[in-house]
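Colleague: Test case, fold it:
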Amino acid sequence: MEKLKQRWGVTSNFQLTVIFIVFAITGSTSAYISKPILSYIGIERDGMYPFLYWILYFVLILPVYKVLLLCIGTLFGQRVFFWNFVKKMLRSMGMGFILPKEKKE
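Modeller: The predicted model follows:
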């Protein structure tokens, strides 16, 4: 736990617990929300190849997860941590161009 706290820059066990709770809620919620979104845009599991459906599902779940992570993290008072976490995820996926330019001091 101490290595994780140090790596993330977390100061207390309470903050670490809140972060774990946010990750748990976000993962479950994004998986739950993605299926109705696919259904709404006309992508049904029964009407296409399963492999294609799951690829589309995972492509959709990535942005949904990031948005929910920021929203739920903000509700739990951890906006700064999760904003930095999402920025790091986007950069590692090669999508850092989406982020606003950071000002150098």
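Colleague: Quick check: buried residues in the helix or strand hosting residue 66?
Modeller: Per DSSP states H and E: residue 66 is located in helix 50-75. Within helix 50-75, the residues that count as buried by 16 or more other Cβ atoms under 10 Å are 53, 57, 60-61, 64-66, 68-70, 72-73. Bear in mind the C-beta positions are built from the backbone N, C-alpha and C, glycine included.
Colleague: Going by distance to residue 12, which of those wins?
Modeller: residue 73 (16.2 Å; Cβ to Cβ).
Colleague: list the contacts for that closest one?
Modeller: 22, 26, 79, 81-83 (Cβ atoms under 8 Å, 6 or more residues apart in numbering).
Colleague: Now list the buried members of those.
Modeller: Using 16+ other Cβ under 10 Å, the buried ones in these are 22, 26, 81-82.
Colleague: Taking those residues, tell me the two that lie furthest apart.
Modeller: Spatial extent of these (Cβ to Cβ) is set by the pair 26 and 81 at 12.8 Å.
Colleague: which regions of the chain sit below the pLDDT cut-off?
Modeller: Scanning the chain with the threshold set as pLDDT under 70 gives 95-105.
Colleague: which residues in it form helices?
Modeller: For the chain, applying DSSP state H gives helices covering 2-8, 13-40, 50-75, 79-92.
Colleague: Specify the angle between the longest one and helix 79-92 in degrees.
Modeller: Counting by axes from the mean of the first three to the mean of the last three Cα atoms, to 10 degrees, helix 13-40 points 60 degrees away from the direction of helix 79-92.
Colleague: In terms of secondary structure, what does helix 13-40 contact?
Modeller: Under the contact criterion of 3 or more Cβ pairs under 8 Å, 6 or more residues apart in numbering; DSSP states H and E, helix 13-40 touches helix 2-8, helix 50-75, helix 79-92.
Colleague: What are the neighbouring residues in contact with residue 77?
Modeller: Applying Cβ under 8 Å, 6+ apart, the residues contacting residue 77 are residue 18.
Colleague: Now with 10 Å, please.
Modeller: 15, 18, 22 (Cβ atoms under 10 Å, 6 or more residues apart in numbering).
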